[in-house]
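Chemist: Task: produce atomic coordinates for the following.
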Amino acid sequence: MKTISVKVFENNAPLVVASLSSQFTEELKTRIRNQTKLSITQNDAHAIFTGNITGYSITPVAITDNKQPTAGANRLSITVNVKYVNNLDSTKTFEQSFERHKDFKLAGNLQAQEPGLIKDVTAQLTEDIFNRAFAQW
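Modeler: Here you go, the predicted model:
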């Protein structure tokens, strides 16, 4: 295998973060560039990644009760549906949903913390996807 194509992962999650689609797609491309000798191309690739972001949520996971229940910790979760087509070996083709999360304490405002949390969860997701596609190398 010498070439791979990574299509833009559209954000179809009920809660949309504007930059998540491009950030996730670029993170996956970067992982492939850094950990393989594959060339990323738009057309006629030996393998193709497509998919979409199907879930994005921030939920409380630990409640503290000081007369008024509040979240002691929160969880940012991202779910991605991935289709990987290996044009050289169809037995390695797959379609799978991947989900990762990160727990955090809200310190100040969420908008300040969110980019770092998204980066951490995206890194976990791209590692899982990369390993699923290429671990047998």
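Chemist: okay, and for the chain, where does confidence drop off?
Modeler: By pLDDT under 70, the low-scoring segments of the chain are 63-71, 136-137.
Chemist: Show me the helices in it, by range?
Modeler: 20-35, 110-134 (DSSP state H).
Chemist: and the last one, what other elements does it pack with?
Modeler: Contact here means 3 or more C-beta pairs under 8 Å, 6 or more residues apart in numbering; DSSP states H and E; on that basis helix 110-134 packs against helix 20-35, strand 47-65, strand 69-86, strand 94-104. C-beta here means a position set from N, CA and C on the backbone, and glycine is covered the same way.
Chemist: What residues sit buried inside the longest one?
Modeler: So the one you mean is strand 47-65. Across strand 47-65, burial judged by 16 or more other C-beta atoms under 10 Å covers 47-54, 56, 58.
Chemist: Likewise for the third one?
Modeler: Of the residues in strand 69-86, those with enough neighbours to count as buried (16+ other C-beta under 10 Å) are 74-82, 84-86.
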